[in-house]
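# Sequence isn't available, so here's the structure alone:
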């Protein structure tokens, strides 16, 4: 079991001199934690709890390398709690039972336990339920850490007993502060030009641990001259974007892409499309989403939008990656710059609601086929007005069930091709009124 226990009221022990740079730079107080002042500051949720000397159970939700483990350890030291850390990746039910039994023994002597559970979302629902009695009776103060959205990954019962605190992705200023601290500890300046230093910070993608590991590698290699961005890229491996195809990162980016297209921002739409492709998203998934956008957000304002998306899908099937990805980019740009209308989408939802409410009403007999003698005898197809025989190829007949009044679901927008459709509908409505007297 991956478990670490410390005595109460103990500050984190200093790491050995040979420890990784990220470990040697681990903050010794909450004030030293970078990028999370909204939580650890005097007015933040953690700052207020520490000032009051009382902690409640909490879930720390944030990207990798933002200080979740550090904050948990410093919290225990700040309020005088015994600290126990486990990882949900390596621990099971037997490990949890042992932790809870030890915590209960310590509580009898007046020592409370802060239980830190890294990757808490990795525990299944039944295992998460196992925490509830020990959190409720105060045997442990639970501090869980997760990179995944707690509302998706954690039981509602557990969430109701813990405060969710969101850690920020480290911005450029926080990462720059970390680099400065690293240089001060190492007694040297990183061998980088200003542009390469900015590129190194950008490559960390908000992950302080990754940045410090890269800085440590640079110092150990000791290039003879400061590196420019190209030299830095050649020396260090590029960071892979944080992206799980079945988790929140996936849904956040596809939402951003869809809303950028809907908002007619081709630059942002192209950026999010590229983000997903760079992160390894399946191109055909993106093609399906583009088809959906063409139908939902453009519709008949530009009927060619759907054709363009289907053509892009066929082009990708034909070319594959990376050449076929350009077809997806072209379709994305077409959608973002097309006139927008959700009139068809709204109309279908309204028609569906009405269809569910009206059940199995029969259409009027006049528009029913009569393939048998009996059907003709009971009036199927009788007096049907064939529109092509009518003036203007328009009979103006009533096609609704007798028990319903005519409904209006579709109202074209005044944009794009739908403006022409609106004129056509208005023309037919005038003819209909004229012919019905």
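Perfect, thanks for sending it. Note that the structure is a prediction, hence the values are computed from the model and not measured.
# Distance check, the residue minimising distance to the centre of the chain against residue 54.
Residue closest to the average C-alpha location in the chain (C-alpha atoms, centre = their mean): residue 252, at 2.5 Å. Noted for residue 252: a distance of 34 Å to residue 54, by C-beta to C-beta, to the nearest Å. Yep, even glycine has a C-beta here, placed from its N, CA and C like the rest.
# What of residue 204?
35 Å.
# which of the two has more neighbours?
residue 204 (23 against 10; other C-beta atoms under 10 Å).
# following the lowest-mean-pLDDT helix or strand in the chain, which helix or strand comes up?
Lowest mean confidence among the helices and strands of the chain (mean pLDDT, DSSP states H and E): strand 3-6, at a mean of 54. Once strand 3-6 ends, the next helix or strand along the chain (criterion: DSSP states H and E) is helix 21-24.
# ok, and the closest non-adjacent residue to residue 366?
Distances taken as C-beta to C-beta, 6 or more residues apart in numbering put residue 384 closest to residue 366, at 4.9 Å, once the chain neighbours are dropped.
# and the one you found, that's in a helix?
No: the assignment for residue 384, made by DSSP: H, G, I helix; E, B strand; the rest coil, is coil rather than a helix.
# Enumerate every residue touching it.
If a contact means C-beta atoms under 8 Å, 6 or more residues apart in numbering, then residue 384 has 366, 367, 397 as its contacts.
# Quick one: distance of the helix or strand hosting the residue nearest to the centre of the chain to the chain centre.
For residue 252, the element it lies in under DSSP H and E is helix 248-262. Offset of helix 248-262 from its chain centre (C-alpha atoms, centre = their mean, to the nearest Å): 8 Å.
# now for whatever helix or strand comes next after it, which elements pack on it?
Next helix or strand after helix 248-262 toward the C-terminus (DSSP H and E): helix 266-278. Secondary-structure packing of helix 266-278 (3 or more C-beta pairs under 8 Å, 6 or more residues apart in numbering; DSSP states H and E): helix 248-262, helix 283-293, helix 325-337.
# List the buried residues of helix 266-278.
266, 268, 269, 270, 272, 273, 275, 276, 277 (16 or more other C-beta atoms under 10 Å).
# Give me the below-cutoff pLDDT ranges for this structure.
1-15, 17, 237-249, 437 (pLDDT under 70).
# Now do the buried residues in the longest helix along it.
With secondary structure taken from DSSP state H, the chain has its longest helix at helix 418-435. Within helix 418-435, the residues scored as buried using 16+ other C-beta under 10 Å are 418, 421, 422.
# Output the residues you listed in a markdown table; the columns should cover distance to residue 314.
Formatted as a markdown table, the buried residues of helix 418-435 follow (distance: C-beta to C-beta, whole Å):
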| residue | distance to residue 314 |
| --- | --- |
| 418 | 26 |
| 421 | 27 |
| 422 | 32 |
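# for those residues, which one is nearest residue 411?
residue 422 (8.0 Å; C-beta to C-beta).
# Measure how buried the closest residue to that closest one other than its chain neighbours is and give me the count.
Counting by C-beta to C-beta, 6+ apart, residue 422 lies nearest to residue 412, which is 4.2 Å off, once chain neighbours are set aside. Here the number of neighbours of residue 412 (other C-beta under 10 Å) works out to 23.
# quick one: residue 412 and residue 320, what's the gap?
From residue 412 to residue 320 the distance is 39 Å (C-beta to C-beta).
# ditto for residue 384
52 Å.
# repeat for residue 81
56 Å.
# Which one's more surrounded, these two?
For residue 81 versus residue 320, the count of surrounding residues by other C-beta under 10 Å is larger for residue 81: 23 against 11.
# Enumerate every residue touching that one.
Contacts of residue 81 (C-beta under 8 Å, 6+ apart): 8, 55, 75, 111, 112, 113, 114, 141.
# from the residues you listed, which single one is nearest residue 214?
Using C-beta to C-beta, the contacts of residue 81 come closest to residue 214 at residue 75, 28.3 Å.
# Next up, phi/psi of that closest one, please.
phi -60, psi -50 (degrees, to the nearest 10).
# repeat for residue 55
phi -110, psi 150.
# I'd guessed it sits against residue 142; true?
No: with contacts counted by C-beta atoms under 8 Å, residue 55 stays clear of residue 142, the gap being 9.9 Å.
# When the two are compared, which one has more neighbours?
residue 142 (23 against 20).
# what are the ranges of the helices in the stretch 101-250 of the chain?
Ranges of helices in the stretch 101-250 of the chain, per DSSP state H, counting those that start in this stretch, are 125-129, 132-136, 150-153, 156-159, 172-186, 194-203, 208-221, 229-235, 248-262.
# is it possible to export the ones you listed to TSV including distance to residue 329?
Output for the helices of the stretch 101-250 of the chain, formatted as TSV (distance: least, C-beta to C-beta, whole Å):
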stretch	distance to residue 329
helix 125-129	41
helix 132-136	49
helix 150-153	30
helix 156-159	40
helix 172-186	28
helix 194-203	23
helix 208-221	29
helix 229-235	24
helix 248-262	12
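# ok, the residue nearest to residue 40 when sequence neighbours are not counted - how many residues close by?
Sequence neighbours aside, residue 30 is the residue nearest to residue 40 in space, at 4.6 Å (criterion: C-beta to C-beta, 6+ apart). When neighbours are counted by other C-beta under 10 Å, residue 30 registers 22.
# Ok, residue 19 next?
Neighbours of residue 19 using other C-beta under 10 Å come to 12.
# May I have the phi/psi pair for it?
phi -70, psi 160.
# And residue 311, by the same measure?
According to degrees, to the nearest 10, residue 311 has phi -70, psi -40.
# Enumerate every residue touching it.
Counting by C-beta under 8 Å, 6+ apart, residue 311 has contacts 327, 331.
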